[in-house]
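J.: return a 3D structure for these sequence lines:
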Amino acid sequence: MLNQNTKPTLLLLITEDWYFWSHRLPIARAAQSVGFKVIIATRIDKHKELIEQEGFRLIPILLKRKNYNPFKEILSLLEIIQIYRSERPTIVHHVAMKPILYGSLAAWFTGITGVVNALAGLGHIFISKEPKTFIFRLIIKRIFQILLNRSNTRVIIQNPDDRQLLMSGCSLGPNKLRLINGAGVNTNEFNYVPELGGILLVILASRMLWDKGIIEFVNAAEILKKKNIQARFALVGRVDEESPSAIPISQLEKWNNAGVVEWWGHSDKMPQIFAQSHIVCLPTFYGEGIPKVLIEAAASGRPIVTTNTPGCREIVRNGVNGLLIPPKNVQALADALQFLIENPDIRREMGVRGRNIAVNEFSEEKVVKETMAVYEELLA
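T.: Next up is the predicted model:
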C-alpha cells in the first residue's frame, strides 16, 4: 500500500475508451486499490458512465488514431500538454503508438517524472510496405530513440521480437524495456467449457481489418465448403474506421449474404461465443503484441489456428495447443482448419493444453503484478 499522505497520481493516456475498458481496466483498478489517484484521458464513445462508476477521473481528449490534418494534430498535442501541466501526474502510462509519441513529448515539455510507454505490438506502421509508410517508419524510429531513452521512462513490450527490434532499430537499452505478456485474461470469466455438439463452428474474432487475415479466412472457408467440409465460419468484431486497414461494412455484408462466412458484428459476450465455438482462428500479419483474443481462446479451452508471427507464437505452440501457419497462405490455413475439424480428439487435447498455458503464463493477475512493479520502480 502506498503512503496516503503523498498519494501519487496515475494518468493513463489511450485513444479509445472501449480499448481502455477491454485491455487496461484491471491495471487501473489495481493502481487505485493500492493508493493511486487514477485519471483516464481518452476519447469518449460508449464507456463514460462505466469508467466514472469505477471511481476514476475521466478527461475527454481530441486525439484520434486516424487523422491527417496537421492543424488538428498540433491541437491534440497542445491539449495533452495542457492536461499534463494542470494535473501534474506522478506517472503517465501511454498505450499504443500515437499516445506514446504525443504523450512522451508532453511529458518532456512539462517535466513529468515517471513515464510508461506500452506498445501493444508495432502495428500497421511497422509492417506496411508503402513508400510513404517506410519514410514515416524511419522518422518514428528516430523519435523513439530520443524520447524512449529518457532516464525516467520505461517501455512495456509484449513479445521478444518487438524487444529486439526496439533495441536494434531504436537503440533502446535493455534496462528501459520490460517484457509483459499482453493484456492478460480473467481465467474465471474465460473458463474451460467442453465442446458442444452439432455442426462445428470456427470463429475469427478481431477488429475487421485486412491485416488481421480476414480475406484469407474467407478464402479458406470457400475452399473447405467446396470440399463439403461440414462447418460454419463466423467473423466476430467491430468495424474499426479509424484504421487504414479497415474492411468496409458493405464487404462484410456481401460475404455474409453470400453464405461463405457469417458476420456477427461486435459482441460483449465473448466467453459465451468461445463456449459455442470449436476452433478459433486468427491468420493475422498485423504486427501484433500478443493478441488478447488468442489468450482468451486458450483460456476457454479452444484450439487455435494462427500465423507463425511475433506475438501469435508466444501464446500458440505448434502442435501443442494449436497450429501455426505461414502468413497470407490460404491453402495452409484451409489445411490446418480441415485437420482440426476432422480430428476431434486432437482438437480437445489442444484445448486442454491451451487452458493450462493461459492460466500459468497469461493470467490477468500476472500481468497486473508485473505492471505494478514498473510503477513501483519509477516511484522509487
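J.: list the beta-bridge partners for the residue lying closest to Ser243 once chain neighbours are set aside.
T.: Closest residue in space to Ser243, ignoring its immediate chain neighbours: Leu209 at 5.5 Å, by C-beta to C-beta, 6 or more residues apart in numbering. The way it works is simple: take the backbone N, C-alpha and C, and place the C-beta from them, glycine included. When assigned by DSSP bridges, Leu209 has beta-bridge partners Ala246.
J.: I figured Leu209 hits Ile247, correct?
T.: Yes. Counting by C-beta atoms under 8 Å, Ile247 is a contact partner of Leu209 at 6.5 Å.
J.: which one's more surrounded, those two?
T.: Ile247 (22 against 19; other C-beta atoms under 10 Å).
J.: any weak-confidence spans in the stretch 1-150 of the chain?
T.: The model of the stretch 1-150 of the chain has pLDDT under 70 over residues 1-5, 66-68, 123-133.
J.: need the helices for it, in chain order.
T.: 17-23, 25-33, 48-53, 70-87, 97-110, 123-127, 131-147 (DSSP state H, counting those that start in this stretch).
J.: check which helix or strand covers Leu324.
T.: Applying DSSP states H and E as the criterion places Leu324 in strand 322-325.
J.: do me a favour and average the pLDDT over that strand.
T.: The pLDDT scores in strand 322-325 average 98.
J.: helices or strands up against that strand?
T.: Strand 322-325 sits against strand 304-307, helix 330-342, with contacts defined as 3 or more C-beta pairs under 8 Å, 6 or more residues apart in numbering; DSSP states H and E.
J.: let me know which of these is tucked in deepest.
T.: strand 304-307 (a mean of 27; mean count of other C-beta atoms under 10 Å).
J.: and that strand, which strands flank it?
T.: Applying DSSP bridges, one finds strand 304-307 paired with strand 279-282 (parallel), strand 322-325 (parallel).
J.: turn the ones you listed into CSV, columns for distance to Asn356.
T.: Compiled in CSV, the strands paired with strand 304-307 are given as follows (distance: least, C-beta to C-beta, whole Å):
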stretch, distance to Asn356
strand 279-282, 16
strand 322-325, 13
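J.: which one of the ones you listed is the most hemmed in?
T.: strand 279-282 (a mean of 28).
J.: which element follows that one toward the C-terminus?
T.: helix 292-299.
J.: that older thread, tell me how far the strand holding Leu324 lies from the chain's centre.
T.: 20 Å (C-alpha atoms, centre = their mean, to the nearest Å).
J.: likewise stretch 237-247?
T.: Worked out by C-alpha atoms, centre = their mean, stretch 237-247 lies 14 Å from the chain centre.
J.: just checking, Ala41 touches Arg57?
T.: No. Counting by C-beta under 8 Å, Ala41 does not reach Arg57; the two are 9.2 Å apart.
J.: okay, the two: which has more neighbours?
T.: Neighbour comparison, Ala41 and Arg57: the larger count goes to Ala41, with 26 against 14 (by other C-beta under 10 Å).
J.: list the contacts of that one.
T.: Counting by C-beta atoms under 8 Å, 6 or more residues apart in numbering, Ala41 touches 11-14, 59, 61, 80, 83.
J.: out of these, which are inside strands?
T.: Judged by DSSP state E, strands contain the following of the contacts of Ala41: 11-14, 59.
J.: scan those residues and report the most crowded one.
T.: Ranking these using other C-beta under 10 Å puts Leu13 first, with 30 neighbours.
J.: can I see the domain layout of this structure?
T.: Domain assignment for the chain by automatic domain parsing gives 4-184+363-379, 200-361.
J.: for the ones you listed, which one sits closest to Asn191?
T.: The closest of the domains of the chain to Asn191 is domain 200-361. By C-beta to C-beta, the value is 7.0 Å.
J.: any idea of the mean pLDDT for the helix or strand where Arg163 lies?
T.: For Arg163, the element it lies in under DSSP H and E is helix 160-169. In this model, helix 160-169 has an average pLDDT of 86.
J.: in the helix or strand following it, which residues are buried?
T.: For helix 160-169, the succeeding helix or strand toward the C-terminus, using DSSP H and E, is strand 177-179. Neighbour-count burial for strand 177-179 flags 177-178 (criterion: 16 or more other C-beta atoms under 10 Å).
J.: ditto for stretch 307-323
T.: 307, 309-317, 321-323.
J.: neighbours of Ala107, just the number please.
T.: 27.
J.: how near is the nearest residue to it once chain neighbours are set aside to Val38?
T.: Leaving aside its chain neighbours, Ala107 sits nearest to Val115 (5.0 Å; criterion: C-beta to C-beta, 6+ apart). Between Val115 and Val38 the computed distance is 16 Å (C-beta to C-beta, to the nearest Å).
J.: quick one, what contacts Leu77?
T.: Counting by C-beta under 8 Å, 6+ apart, Leu77 makes contact with 102, 105-106.
J.: go through these and name the one nearest Ile146.
T.: Leu105 (9.9 Å).
J.: isn't the closest one up against Leu147?
T.: Yes. Taking contacts as C-beta under 8 Å, Leu105 lies within contact range of Leu147: 6.9 Å.
J.: okay, the two: which has more neighbours?
T.: Leu147 (20 against 17).
J.: look up the closest residue to the more buried one, ignoring the ones flanking it.
T.: Leu147 sits nearest to Ser104 (C-beta to C-beta, 6+ apart), 4.1 Å away.
J.: my guess is Gln338 contacts Lys225, does it?
T.: No. In this structure Gln338 lies outside contact range of Lys225 using C-beta under 8 Å: 11.2 Å.
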